[in-house]
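Visitor: my questions are about this predicted structure, shown below with the sequence.
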Amino acid sequence: MPRKSLRWSRRGRRTVLFIVIAAVAWGGFTVWGQHLGGALAGALTSPGPKASHSVKVSKPRAKKAQYPAVAIAPHTAVGPNFNWNAPSDGPYPSIPQGADLWIDASLSAQRVYIMNGQNVIYTMITSSGIPGSSATDTPTGTYHIQNRGTWFYSSRFQEGAEYWVSWSGWGDYLFHSVPMNSQEQVIPSVAAKLGVPASHGCFHLTIPDAKWIYDNIPEGTRVVIQSGVNAVVTASIAGSPAAR
């Protein structure tokens with residue numbers, strides 16, 4: 001073999017040997033690095049001796065909502081800061097099939113009670129008619145739910161309302177939302193009187209309360225309107241804050 005070829009062959013062998021050694025060394029270094037990295041990661045994520053027991057962080061308790069039927073005394077105006085877009089008495093009840101559903105309204109308490117048999121299942125704050133005149137009095141007695149609609153406006157009184165449900169005269173006496181102007185905006189000065197007589201004979205209600213009656217109380221449902229508080233209602237809510 002020529003001398004030059006032998007020399008290149010030896011050099012080639014040395015090059016290959018170097019590459020092999022380097023590859024082995026690099027592989028070992030990589031494996032060692034993986035083990036080291038794993039050990040370090042484990043040390044960082046593993047709880048120390050003092051962290052072996054989990055620490056419970058107590059969340060602050062949410063304050064119980066004070067709804068008007070509970071927080072506001074009977075025959076007391078809610079005032080200008082009242083939210084008439086809120087329900088009167090918390091979440092609305094579900095009506096079981098075959099329920100003995102009827103409505104009791106108290107003029108002295110300014111409350112509308114949704115009844116199931118002998119039990120009050122929901123209490124709504126209201127404004128009934130201003131007493132002293134046949135034009136604005138709310139008549140007492142027993143009536144039944146008639147027709148309904150989502151909006152009306154009276155040019156005579158310059159007031160309208162949403163979610164009206166008639167209980168006398170097929171549109172003369174209604175349950176409906178707090179009064180609104182012709183642009184369907186709530187009239188704050190009248191809405192602030194929820195809780196005391198302020199209507200022309202109808203029952204003013206918060207907007208959600210009026211919608212709930214519109215959605216859930218069927219035609220023909222009995223409506224009992226009394227100057228005082230029905231003894232059945234008193235017995236049902238005795239001891240409840242809403243009975244104040």
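Guide: Nice, thanks for sending it over.

Visitor: over to residue 232. Which of the three states is it?
Guide: Per DSSP: H, G, I helix; E, B strand; the rest coil, the secondary structure class of residue 232 is helix.

Visitor: so it touches residue 116, yeah?
Guide: No. Counting by Cβ atoms under 8 Å, residue 116 is not a contact partner of residue 232; they are 11.4 Å apart. Every residue, glycine included, has its C-beta placed from N, CA and C.

Visitor: pLDDT wise, what is the residue most central in space within the chain at?
Guide: Centroid check for the chain by Cα atoms, centre = their mean gives residue 91 as the closest residue, at 6.9 Å. For residue 91, the pLDDT comes out at 95.

Visitor: what does residue 234 give?
Guide: At residue 234, the model reports a pLDDT of 81.

Visitor: same thing with residue 199?
Guide: 97.

Visitor: now residue 118
Guide: Looking at residue 118, its pLDDT reads 94.

Visitor: surely it meets residue 230?
Guide: No. With contact taken as Cβ under 8 Å, residue 118 and residue 230 are classed as non-touching, separated by 10.2 Å.

Visitor: so for the two, which sits in the more crowded spot?
Guide: Under the neighbour definition other Cβ atoms under 10 Å, residue 118 and residue 230 were set side by side, and residue 230 has more, 18 against 10.

Visitor: wait, isn't that one in contact with residue 108?
Guide: No. Judged on Cβ under 8 Å, residue 230 makes no contact with residue 108 at a distance of 10.8 Å.

Visitor: what's residue 175 in contact with, if anything?
Guide: Residues in contact with residue 175 (Cβ atoms under 8 Å, 6 or more residues apart in numbering) are 112, 164-165, 167, 202-203, 205, 210, 213.

Visitor: now the strands for the chain?
Guide: In the chain, the strands defined using DSSP state E lie at 101-106, 111-116, 119-125, 141-144, 148-154, 159-168, 173-177, 203-205, 222-226.

Visitor: and those strands: which comes nearest residue 72?
Guide: Closest to residue 72 of those, according to Cβ to Cβ: strand 119-125, at 6.5 Å.

Visitor: show me what the closest one is packed up against.
Guide: In terms of contacts (3 or more Cβ pairs under 8 Å, 6 or more residues apart in numbering; DSSP states H and E), strand 119-125 is packed against helix 68-71, strand 111-116, helix 207-216, helix 231-237.

Visitor: for that strand, list the C-alpha coordinates in PDB.
Guide: What follows is strand 119-125, C-alpha atoms only, in PDB (Å, rounded to 0.1, in the frame of the first residue of the first chain):
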ATOM      1  CA  ASN A 119     -98.900  28.000  52.900                       C
ATOM      2  CA  VAL A 120     -97.200  31.200  51.800                       C
ATOM      3  CA  ILE A 121     -94.700  30.300  49.100                       C
ATOM      4  CA  TYR A 122     -93.600  33.800  48.200                       C
ATOM      5  CA  THR A 123     -94.000  37.300  49.400                       C
ATOM      6  CA  MET A 124     -94.000  40.400  47.200                       C
ATOM      7  CA  ILE A 125     -93.800  44.000  48.200                       C
END
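
Visitor: ok, and what's touching it?
Guide: 68-69, 72, 78, 88-89, 92-93, 104, 110-115, 194-195, 205-206, 209, 212, 233, 236-237, 242.

Visitor: chain center to it, what's the gap?
Guide: 17 Å (Cα atoms, centre = their mean, to the nearest Å).

Visitor: got the angle for that strand vs helix 207-216?
Guide: Counting by axes from the mean of the first three to the mean of the last three Cα atoms, to 10 degrees, strand 119-125 points 140 degrees away from the direction of helix 207-216.

Visitor: so which bits of strand 119-125 are buried?
Guide: By 16 or more other Cβ atoms under 10 Å, the buried positions in strand 119-125 come out as 120-125.
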